[in-house]
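model the structure of this input:
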Amino acid sequence: MANFKQKDFSLSSRINSFRFAFQGFQVLIKEINFQIHFVFALISISFGFYFRINQIEWILLVLVIGFVLVSEIFNTALEYLADSVSLEFHPLIKISKDISAFAVFISALISILVGLILFLPKVIHEFFI
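Numbering: from 1, shown residues only. All right, here's what the predicted structure looks like:
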């Protein structure tokens with residue numbers, strides 16, 4: 001087992017960690033699935049402003065948006081890691097990718113349910129009653 005020495009805190013190392021994070025974001029914004037989730041997040045936020053949702057509703061909305069985006073981020077990271085191990089078919093890598101994709105699917109379903117609970121009554125009241 002490797003013996004790692006923890007680095008001392010420094011301002012430059014903290015700044016570098018932010019730089020690395022933004023480099024990751026630059027990779028993510030090129031990924032179509034992340035773009036799709038991001039667009040739906042913006043639409044949901046627009047709905048929140050349009051319907052003037054309350055503080056608790058904003059908290060729920062922000063949490064489910066974060067849940068979906070973080071799920072997609074981890075899924076993308078796992079896919080890159082798996083592809084770096086082997087580009088050839090491997091059944092365990094396929095299973096890992098499938099499970100990770102299913103996690104994104106579940107988080108998206110939960111966000112849709114929360115969105116329906118938050119916005120469907122408001123849409124019905126605004127446009128149909």
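
any idea which helix is longest in this structure?
Determined from DSSP state H, the single longest helix within the chain is helix 91-128.

for that one, the averaged confidence score.
Average pLDDT, helix 91-128: 97.

check which residues of it are buried.
Buried residues in helix 91-128, counted by 16 or more other CB atoms under 10 Å: 93, 96, 100-101, 103-104, 107-108, 111, 114-115, 118-119, 122. Placement of C-beta: from N, CA and C, glycine included.

closest to I65 out of the residues you listed?
Nearest to I65, judged by CB to CB, of the buried residues of helix 91-128 is S111 at 6.9 Å.

for the closest one, give me its contacts.
Counting by CB atoms under 8 Å, 6 or more residues apart in numbering, S111 touches 44, 64-65, 67-68.

inside strands: which ones of the residues you listed?
Judged by DSSP state E, the contacts of S111 include no members of strands.

can you list which of these are found in helices?
Among these, the ones falling in helices (DSSP H) are 44, 64-65, 67-68.

can you put those residues in TSV and add pLDDT, neighbour count and distance to Y50?
Shown next, in TSV, are the ones in helices among the contacts of S111 (pLDDT from 0 to 100; neighbours: other CB atoms under 10 Å; distance: CB to CB, whole Å):
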residue	pLDDT	neighbour count	distance to Y50
S44	98	20	11
V64	98	21	18
I65	98	22	16
F67	98	17	22
V68	98	24	20
